[in-house]
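# Kindly generate the corresponding structure for this input.
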Amino acid sequence: MQNVIRSLRPDKNFEGAKDSRSGTTWITVMYHETERHPDVVRYLWLKKYTSSRVWKEVTTGLTPSSRCYQDYERQLKKILKQLRKTFDTDEHLHKTERQFNNCVQGTDSVYVFIERLEDLSSELYHLGSPVLEYKMKWKLYNGLKGSELRLRVNDYPDDREVDYMELKEVVLRQHRRMANINETTESSRSFDKKARDDSRVAMVDGVKTVVIVIADLGNDKPLTLDVSLSTRSRLVTPQMTTRPVSITSIWDVIFLV
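As a prediction, this is how the structure comes out:
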C-alpha cells in the first residue's frame, strides 16, 4: 500500500494557510492523483502529503480509523469536510482575487504566465467565484509583455465567437512563429558574419593577397585558397585541392558551391 502511495506523489505537499491552494483545491488534487483507487488509499495519501501540523488540525477530535475499509471511507468524508471548512476562507478568496487581478507575464515566459493565470482561475472556481470567459480572455491579452505579440492577436479578445481556449491557442501559435523567425534571423546573421570573417585581404611580401575559405560540402571541411592579384585568372571550384591560385581580379573568381 505504501509503495502505491509513494508512486502517487503530488508536485508539492499541502501547507494549509501557508499554501496558495484552498482546501477544495487540495481535495481536487487528491482525487486526480488517486483516480480509480479506493478510499483507504485516498485517506493514506492525504495523511502522507498533508503537512503534519495541518493533518493534526483537521483530525483533532476524530476517532482514529479502525483500519477497516468502511471506517476509512467515513473518516475521509469527515476530513474532507474539515479541510474545506478550515481553508476555504474569505481571506484566501480575497488574496487569490488580488493575485488574479495583478497577474501579468513580467519576466516569465508566455507558457509560465498562462499556467499561473489558469491556476489562479481554477483556485477561484474551487472557492465558488469562477472567472467569466471574457475576463479570462482580456486578462490573457493584457497580461502579455510583448507588444508585437499583442498586436498579432489584437482582433481576438473582443470576438465573441472566440473562447478563451481558442485565444490561448492563437497566442501560443503566434509566439512560436515569432520565436522561429527570431531564431532564423539570428542564424542568418551568424552565417553572414562567418562569411565575412572567412574572406580576408592581407599584404604578403608587398603583393595583395586574398585568402578565401570555402566550405567543402563533400567532407564538411574548409578549402583555403591564397589568391594573388598579379597574373591571369583561373576558374576556382571547391573541388580543387588547397593551393595558391593567381588571378587578376577577385571578381574573376567563380565559386561553384
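# For residue 93, which non-adjacent residue is closest in space?
residue 127 (4.8 Å; CB to CB, 6 or more residues apart in numbering). C-beta here means a position set from N, CA and C on the backbone, and glycine is covered the same way.
# from memory residue 46 sits against residue 78, does it?
No - the pair residue 46 and residue 78 fails to qualify as a contact (CB atoms under 8 Å) at a distance of 11.6 Å.
# Am I right that residue 173 sits in a helix?
Yes - according to DSSP: H, G, I helix; E, B strand; the rest coil, residue 173 belongs to a helix.
# okay, it: pLDDT?
On pLDDT, residue 173 comes in at 96.
# I'd like the distance from it to residue 150, if you could.
14 Å (CB to CB, to the nearest Å).
# Which one's more surrounded, these two?
Higher neighbour count among residue 173 and residue 150: residue 150, with 16 against 12, using other CB atoms under 10 Å.
# what sits against that one?
The neighbourhood of residue 150, defined by CB atoms under 8 Å, 6 or more residues apart in numbering, consists of 141, 144.
# who touches residue 171 in this structure?
110, 114, 140-141, 144, 149, 153.
# more neighbours, residue 46 and residue 78?
Taking other CB under 10 Å, residue 46 and residue 78 do not tie; residue 46 has more neighbours (25 against 14).
# Spatially nearest residue to the more buried one (excluding sequence neighbours)?
Leaving aside its sequence neighbours, residue 46 sits nearest to residue 30 (CB to CB, 6+ apart; 5.8 Å).
# Wait, that neighbour touches residue 44, no?
No - with contacts counted by CB under 8 Å, residue 30 stays clear of residue 44, the gap being 10.9 Å.
# the more surrounded of those two?
residue 30 (23 against 20).
# Just the pLDDT at that one, thanks.
With respect to pLDDT, residue 30 scores 97.
# which residues touch it?
42, 45-46.
# Equivalent analysis for residue 23, please.
Applying CB under 8 Å, 6+ apart to residue 23 gives the contacts 83-88.
# Out of those residues, which end up buried?
Buried members of these, scored by 16 or more other CB atoms under 10 Å, are 83-84, 87-88.
# about what we covered before: tell me which of the contacts of residue 30 is nearest to residue 123?
residue 46 (18.8 Å; CB to CB).
# how close does the spatially most central residue of the chain get to residue 79?
With distances taken as CA atoms, centre = their mean, residue 111 lies nearest the centre of the chain, 4.3 Å away. Separation of residue 111 from residue 79 (CB to CB) stands at 35 Å.
# again, but for residue 173
Using CB to CB, residue 173 is found at 44 Å from residue 79.
# And for residue 22?
15 Å.
# With residue 183 instead?
Computed as CB to CB, the residue 183 to residue 79 distance reads 51 Å.
# Show me the strands in the chain, by range?
With DSSP state E, the ranges of strands along the chain come out as 199-204, 207-216, 221-229, 245-247.
# what about the stretch 151-257 of the chain, any weak spots by pLDDT?
185-257 (pLDDT under 70).
# And for the stretch 1-150 of the chain?
65-68.
# tell me the contacts of residue 42?
Counted by CB under 8 Å, 6+ apart, residue 42 has contacts 30-31, 34, 76.
# same check, this time on residue 7
Residues in contact with residue 7 (CB under 8 Å, 6+ apart): none are found.
# let's see it at 10 Å
Listed by CB atoms under 10 Å, 6 or more residues apart in numbering, the contact partners of residue 7 are residue 33.
# Now list whatever residues contact both of residue 30 and residue 44.
Taking CB under 10 Å, 6+ apart as the criterion, residue 30 and residue 44 both touch 8, 76.
# Which of the contacts of residue 30 fall within helices?
Of those, the ones assigned to helices by DSSP state H are 42, 45-46.
# May I see these arranged in CSV, with distance to residue 18 as well?
Below are those laid out as CSV (distance: CB to CB, whole Å):
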residue, distance to residue 18
42, 23
45, 20
46, 17
